[in-house]
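Colleague: model this:
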Amino acid sequence: MDLIKQYIVQSLTAASNNLRLTTHQLETIGLLRESLISSDDLKSTINKMKKITELSTLAIRLNDIYRYLSTNKIDFFKLSDQFRNHSQHLITDLNCLLKIDNSASIKLAINKLNGKEKTVEPREIKVQLSVKANSNLFIRGNDSERGENGTTAVDSNDFFKNYEEVILTLIKPVDTMLNRLEKNEVSFDDLSRMAELMKMNGDYSDTNGFEIIGSMHRIMFSAMMMINSGELKPTKDVIESMRACLIVIVAVVRGKDYDVTNYLNKAEDFEREINVLSN
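Modeller: Residues are numbered from 1 along each chain as shown. Take a look at the predicted model:
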């Protein structure tokens, strides 16, 4: 990531950390960050944002920051002070954006920015955490995992009754596995199977437009696979970081106004750590 992009993304993150955000607002920030990070031409992306009503005010501020970094000679001795000032201004602009009542319109605006024609309307998610784990999840053997049509048990229509049930069904088994993992009581095969299920649910979340939930599942998948390969040790801190991913998943799926900023930050820090280890 180039310096200007990294500066702008980090200033956006710093500003959001100073706001008390709901899970839906955290998802909005995450989508914005991903749009900027994945941009091949940051200046063009910011200019495009200025043409979208919901994003225009924020885009003007980002453009000012971009212009400052690209046209001025940077004094690195004063850069931290300037970063603090930029982040402080972004707090106001982010607050205005996130006050928009209709979260669907914000997501539509971000999808428009990313050139996506199809959008997924966010909906209020009401679930109970008492959902029982489906026994099909733990069927052993390739033959028993596949039905007559060649699909796996977790792919069956009977199991995927709704998105909420699919995602929450795995939470308790994974949390139990984390407790056992810290004591080195989980087999290679069991951890591999759980990792694949996390990857599957992550892909399913992305398909339904829940990027943060998908991201948390991918972090869990990567961590489990790296633990199996010996690249990552299941220390107490690693287990707590993985558990932070679960907390974010549950909070976002339930759609409640929980402040999970600290857990999200811990999960993202963990993602950066495992990315360094894997490279």
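Colleague: Could you chop this protein up by domain?
Modeller: 3-113, 135-278 (automatic domain parsing).
Colleague: Using TSV, lay out the ones you listed together with mean pLDDT.
Modeller: Output for these, formatted as TSV (pLDDT from 0 to 100):
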stretch	mean pLDDT
domain 3-113	83
domain 135-278	78
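Colleague: could you redo these as a markdown table and give each row mean neighbour count?
Modeller: For every residue, glycine as well, the C-beta is placed using N, CA and C. As requested, those are exported to a markdown table (neighbours: other C-beta atoms under 10 Å):
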| stretch | mean neighbour count |
| --- | --- |
| domain 3-113 | 16 |
| domain 135-278 | 17 |
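Colleague: quick one, phi/psi of Asn72?
Modeller: When read as degrees, to the nearest 10, the backbone of Asn72 gives phi -100, psi 150.
Colleague: got it, and Asn17?
Modeller: phi -70, psi -20.
Colleague: ok now do the spatially closest residue to it that is not a sequence neighbour, which residues does it touch?
Modeller: Spatially, and ignoring its direct neighbours in sequence, Asn17 is nearest to Thr261 (6.4 Å; C-beta to C-beta, 6 or more residues apart in numbering). Contacts for Thr261 (C-beta atoms under 8 Å, 6 or more residues apart in numbering) come out as 16-17, 20-21, 26.
Colleague: If we use 7 Å, what do you get?
Modeller: 17, 21, 26 (C-beta atoms under 7 Å, 6 or more residues apart in numbering).
Colleague: Next up, identify which helix or strand the last one is on.
Modeller: Which is Leu26. helix 23-37 (DSSP states H and E).
Colleague: who does the helix or strand that that helix is followed by touch, helix- and strand-wise?
Modeller: Once the chain leaves helix 23-37, the next helix or strand it forms, by DSSP H and E, is helix 42-50. With contacts taken as 3 or more C-beta pairs under 7 Å, 6 or more residues apart in numbering; DSSP states H and E, helix 42-50 sits against helix 23-37, helix 53-71.
Colleague: Any idea which of those gets closest to Arg180?
Modeller: Between Arg180 and the helices and strands packed on helix 42-50, the shortest gap by C-beta to C-beta is with helix 23-37, which sits at 28.4 Å.
Colleague: tell me the angle of the closest one relative to helix 42-50?
Modeller: Counting by axes from the mean of the first three to the mean of the last three C-alpha atoms, to 10 degrees, helix 23-37 points 140 degrees away from the direction of helix 42-50.
Colleague: Just name whatever secondary elements helix 23-37 is in contact with.
Modeller: Packed next to helix 23-37, using 3+ C-beta pairs under 7 Å, 6+ apart, are helix 3-16, helix 42-50, helix 103-113, helix 211-229, helix 236-254.
Colleague: I'd like the distance between Thr220 and Glu268.
Modeller: That one is not Thr; residue 220 is Met. Between Met220 and Glu268 the computed distance is 13 Å (C-beta to C-beta, to the nearest Å).
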